[in-house]
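J.: quick check, what structure comes out for this input:
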Amino acid sequence: MAKKKTFETALKELEEIVREMESGSLSLEDAVKKYEAGIKQSKYCLDLLDSTERKILLLTKDSDGNVKEEPFIDE
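T.: Residues are numbered from 1 along each chain as shown. Okay, the predicted model is just below:
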């Protein structure tokens with residue numbers, strides 16, 4: 001089974017796509033392909049962030065199922 005891509009890996013790939021597109025050296029066809037790949041990477045990153053947010057909300061619910069809001073304290 002293939003290992004799932006991490007958020008950091010996907011973000012680095014997206015950054016590389018942006019660099020390539022900003023270089024101005026791609027043909028129109030290649031630029032469109034890179035754009036499509038960038039959209040897929042962006043969606044993947046957003047889906048991971050959404051999933052993580054849902055997990056955090058589940059972890060912060062009290063025994064009655066109510067979400068407890070506590071300030072984040074950076075130690």
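J.: which SSE is the residue positioned nearest the centre of the chain in?
T.: With distances taken as Cα atoms, centre = their mean, the residue of the chain nearest its centroid is Cys45 (1.5 Å). Per DSSP states H and E, Cys45 falls inside helix 28-59.
J.: packing partners for that helix?
T.: In terms of contacts (3 or more Cβ pairs under 8 Å, 6 or more residues apart in numbering; DSSP states H and E), helix 28-59 is packed against helix 7-22. All C-beta spots, glycine's among them, are computed from the backbone N, C-alpha and C.
J.: quick one: low-confidence parts of this protein?
T.: Within the chain, the segments meeting pLDDT under 70 span 1-3, 58, 69-75.
J.: for it, list the residue farthest from the centre, please.
T.: In the chain, the residue most distant from the centre (Cα atoms, centre = their mean) is Asp64, at 31.2 Å.
J.: am I right that that one is in a strand?
T.: No. Asp64 is assigned coil when assessed by DSSP: H, G, I helix; E, B strand; the rest coil, not a strand.
J.: gap between it and Leu57?
T.: 14 Å (Cβ to Cβ, to the nearest Å).
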